[in-house]
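[1] sequence unknown, structure follows:
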């Protein structure tokens, strides 16, 4: 309601359409989200059209449409959209191609080194490839991010640092841990051993599809 009011006062502000698209997606209304992003595309000045393409790519990534997410992000990279470089690599990782993803994510952090989400995705790519020390370095870049803690816990499991793994696992919000345990078939209140924590965390990486950002919308993937 607030965003629609904002658009009445400033209908050319394309970013309001983008945030409205995110709100619709979090409500489980992807068609409405796509419509808002089309409005954003129409309202954005030429210099910002790459940013709109990147946003579209990100939302397709959230939804698990990885081929489309890669296509849009690739196009946005060609227009110089900063965040698209991260999401392009993320889409490639979710397509099951971690080596290609690592190449793209290396480019992302080189081009925009303060983008913490790119480090989280790159840490996941390195973990999948078995580059554990490098993965740990990337996850340590964002120690207060939920998905960074998930990845770091999995790396610590592989390094047999079970105490550190448990510390990271216990960082997860209670609602998220309960959701993942339920999906994994773990009885409520059961104390988990290291192997069970690993299974729960790996299921989180799968169930959350393309969501690795911290902050608002963090729990939307559980809807």
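    That came through fine. Keep in mind it's a predicted model, so treat the numbers as computed, not measured.
[2] how near is residue 176 to residue 215?
    Distance, residue 176 to residue 215, using C-beta to C-beta, to the nearest Å: 14 Å. Where C-beta positions appear, they are placed from N, C-alpha and C, glycine not excepted.
[3] more crowded one of the two?
    residue 176 (17 against 7; other C-beta atoms under 10 Å).
[4] quick check, that one in contact with residue 146.
    Yes. Using C-beta atoms under 8 Å, residue 176 is in contact with residue 146, at 7.0 Å.
[5] now for residue 139: which residues touch it?
    Residue 139 is in contact with 119, 120, 123, 148, 149, 151, 152, 155, counting by C-beta atoms under 8 Å, 6 or more residues apart in numbering.
[6] how about residue 96, phi and psi?
    The phi/psi pair for residue 96 (degrees, to the nearest 10) reads phi 90, psi 30.
[7] the one 3 residues further on too?
    When quoted as degrees, to the nearest 10, the phi and psi of residue 99 stand at phi -70, psi -40.
[8] was I right to think it contacts residue 128?
    No. Using C-beta under 8 Å, residue 99 is not in contact with residue 128, being 9.4 Å away.
[9] looking at those two, which one has more neighbours?
    residue 128 (18 against 11).
[10] excluding sequence neighbours, find me the nearest residue to the more buried one.
    residue 98 (4.4 Å; C-beta to C-beta, 6 or more residues apart in numbering).
[11] for residue 55, give its distance to residue 106.
    Applying C-beta to C-beta to residue 55 and residue 106 gives a distance of 23 Å.
[12] again but with residue 72, I slipped
    Distance from residue 72 to residue 106, by C-beta to C-beta: 21 Å.
[13] and if you look at residue 20?
    For residue 20, the distance to residue 106 - C-beta to C-beta - is 34 Å.
[14] show me which of those two is the more surrounded one.
    residue 20 (22 against 15).
[15] can you tell me the element that one falls in?
    helix 14-26 (DSSP states H and E).
[16] against which helices or strands is that helix packed?
    If you count contacts as 3 or more C-beta pairs under 8 Å, 6 or more residues apart in numbering; DSSP states H and E, helix 14-26 packs onto helix 2-9, helix 30-43, helix 49-63.
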